[in-house]
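Novice: Below is the sequence, then the predicted model.
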Amino acid sequence: MLAKYDSENKCFYFISAYEEKDILKSNGFYWDPAKKRWYTKDYTKIIDFIRNNGGLNVDNSVYEEINRWFERRKENMKLNLDLEIENDFNVPLPESLNLYPFQKIAVKFIAKNKNVLLADEMGLGKTIEVLAYINFDKNIKNVLVVCPASLKLNWEREARKWLIRQFDVSIFDGDNSKMTDFVIANYEMIVKYLSIFKTKIWDLLILDESQYIKNFKAKRTKAIVGFRDSGKIVNGMKDYAKQKILLTGTPILNYPHELYTQLKVLNHPLAQSYQKFRDEYIVYDLRYNVPIGGKNIEELQRELRSSCMLRREKKEVLKELPAKIRQILLLPESILSKEELEENKRGVELVKKYWDENLNPLQSSIVPFEEISSIRHKTALEKLPYAIEIIENALESEEKIVVFGHHHDVINSIYEKFKDIAVKATGEENITERDKAVYEFQNNPNIRIFIGSIQAMGLGITLTTSSLAIFVEIEWRPADLVQAEDRLHRIGQEDVVHVQYVLVNDSIEAFMMEKISAKIEISKRLLDSNYINSYG
């Protein structure tokens, strides 16, 4: 067996015999069917494998790349030496809420650098870090949050939960009365009502999922960055804000041209001249005048980390995090028609009346289950475009994703959208077909999404190549949801598992999830040994 490094594909790979496959598979390496080789992009994994296999034949390319990696790590550590948290560094927070140490570091980083790009990996709490900073900096009197439409309610809920200062939090819908001192708006609203948002100077402008403005020509990019009209410069929202914070979990440094507009918002020196930025960091296809890659990437990363960018991956702060993080993504009830909203309100009343949380409602003949199921089904179909948008956003920062649903037409619609990079298991397949889907997801780098029915996710299924699960629907029993989550959270999972539940505000499922979440927390406290000390 020979270990080598592929600089073009940025991975370590093995030239190995067939009988050695079990060794490589058991050590967490992936099979690339196109190149017919086992590989990994994880430096710690290849280092551990070399250390534990003294007779392994290792090419010099591997050692050279590992040495470069160690040098980069040392350099990055130097860049962040001043980010240690002193004992007297206090961030005002609501009672009973706390920040992890790495989140406090983010608050300090923002306070020091002001205009920043928070590029922490998904699931590390970038929203919370920014809200904590607003608590910390008393000079911030008004805030404008710009985010995808699917995240507006999440921002509103987190703001009401984490802010201790008196802000009038509102979601802008075109009504001028919603122009309060803490406004949340999606990018499309900024484009449509740009003149209204430019009637005041904002103390803080927050762009969530800031990769949304990576396209120079897009209307939302022009609205934020500014543009030329008949030779005249028209200012964008960045010119009406004293301080700017950009949030993205997307690995951006592989595509430097997408970074330029974001740096422009931050008024970063690197964004003073696109021609200079292009010459230094972008590889262009001169035949078609389009960017096709990047160069001097490590130099660019050092420049960004030392000036405006903070990025931590989950594996860097693993010891500070719980093994599993759950997040509710609430979609606005306005995605439902008036009739559908009324149906959901009636459905909530029926669930309140009949649902015994300790019993499966299917077992009770008195429950109007068909009516409730019909309402939930229609709501799930209305959610589909937003769920797909959430999945597409996640694919920009995650190599692999698991999506869970209930209704076959919902699952099939998502599969049709992503079928070139997805497999599915709905319970209609035989065991051989299901196992093949699992194997492809676990071993084929080109298969990035596993779409499964919650009920079909029984024991024995392992989906540990992903650490992100997105539930576009839920089930009645908490145990079914936890069992599906645990397809990712199994032996072999080396990362924190991030679980997102996509729900419509004021819907039957939102009410159910509130009850289910409470029940899951009680079970956790009863069974998790980490809670024993809390009760003496």
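Specialist: Nice, I can see it. Computed from a prediction, not measured in an experiment: that's the story for all the values here.

Novice: Next one: G452 relative to E382, how far apart?
Specialist: Between G452 and E382 the distance is 22 Å, computed by CB to CB, to the nearest Å. Using the backbone N, CA and C atoms, a C-beta is placed for each residue, glycine as well.

Novice: Between the two, point out the one with more neighbours.
Specialist: Using other CB atoms under 10 Å as the criterion, G452 and E382 rank with G452 on top: 26 against 15.

Novice: sec struct for the more buried one, please.
Specialist: Per DSSP: H, G, I helix; E, B strand; the rest coil, the secondary structure class of G452 is strand.

Novice: burial count for the closest residue to it other than its chain neighbours?
Specialist: Spatially, and ignoring its direct neighbours in sequence, G452 is nearest to A425 (4.7 Å; CB to CB, 6 or more residues apart in numbering). A425 sits with 22 neighbouring residues when counted by other CB under 10 Å.

Novice: and if you look at E440?
Specialist: 15.

Novice: mind checking how far K104 is from E95?
Specialist: Counting by CB to CB, the gap from K104 to E95 is 17 Å.

Novice: Now do whatever helix or strand E65 lives in, average pLDDT.
Specialist: Element membership for E65, per DSSP states H and E: helix 60-79. Averaging pLDDT along helix 60-79 yields 76.

Novice: one step back: look at K104 and E95 and report which has more neighbours.
Specialist: K104 (19 against 6).

Novice: Make sure the more buried one is actually in contact with L93.
Specialist: No - the pair K104 / L93 is not scored as a contact, 10.2 Å apart, by CB atoms under 8 Å.

Novice: hey, what's in contact with both of the two?
Specialist: By CB atoms under 8 Å, 6 or more residues apart in numbering, K104 and L93 have these common neighbours: A132.

Novice: Tell me which stretches of the stretch 151-300 of the chain form helices.
Specialist: 152-162, 187-192, 194-197, 219-225, 260-265, 274-281, 297-305 (DSSP state H, counting those that start in this stretch).

Novice: what's in contact with the longest one?
Specialist: Yep, that's helix 152-162 we're talking about. 93-94, 97, 127-128, 131-132, 135, 145, 147, 167, 169, 171, 182, 184-186, 208, 327-332, 505.

Novice: Now it: buried residues?
Specialist: Within helix 152-162, the residues scored as buried using 16 or more other CB atoms under 10 Å are K152, L153, N154, W155, E156, E158, A159, W162.

Novice: How about the second one, nearest residue that isn't a chain neighbour?
Specialist: Spelled out, that is L153. Per CB to CB, 6+ apart, closest to L153 is L330, 3.9 Å.

Novice: C-terminal to the helix or strand harbouring the one you found, what's the next element?
Specialist: Using DSSP H and E, L330 sits within strand 324-331. Going down the chain from strand 324-331, the next helix or strand is helix 338-354, by DSSP H and E.

Novice: helices and strands around that following helix, which ones?
Specialist: Using 3 or more CB pairs under 8 Å, 6 or more residues apart in numbering; DSSP states H and E as the contact definition, the elements that helix 338-354 packs against are helix 369-395, helix 508-527.

Novice: Partner strands of the following helix or strand past the longest one and their direction?
Specialist: Using DSSP H and E, the helix or strand that directly follows helix 369-395 along the chain is strand 401-405. According to DSSP bridges, the neighbouring strands of strand 401-405, each with its direction, are strand 449-453 (parallel), strand 468-471 (parallel).

Novice: Export only the CA atoms of strand 401-405, formatted as PDB.
Specialist: What follows is strand 401-405, C-alpha atoms only, in PDB (Å, rounded to 0.1, in the frame of the first residue of the first chain):
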ATOM      1  CA  ILE A 401     -26.400  16.300   3.700                       C
ATOM      2  CA  VAL A 402     -29.100  14.100   4.900                       C
ATOM      3  CA  VAL A 403     -32.700  15.200   4.300                       C
ATOM      4  CA  PHE A 404     -35.700  13.600   6.100                       C
ATOM      5  CA  GLY A 405     -39.300  13.800   5.100                       C
END
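
Novice: starting at the chain centroid, how far to it?
Specialist: 14 Å (CA atoms, centre = their mean, to the nearest Å).

Novice: going on from it, what's the next piece of helix or strand?
Specialist: helix 408-418.

Novice: Give me the contacts around that next one.
Specialist: 380-381, 384, 387-388, 391, 403, 405, 422, 424, 426, 428, 448-449, 451-453, 472-473.
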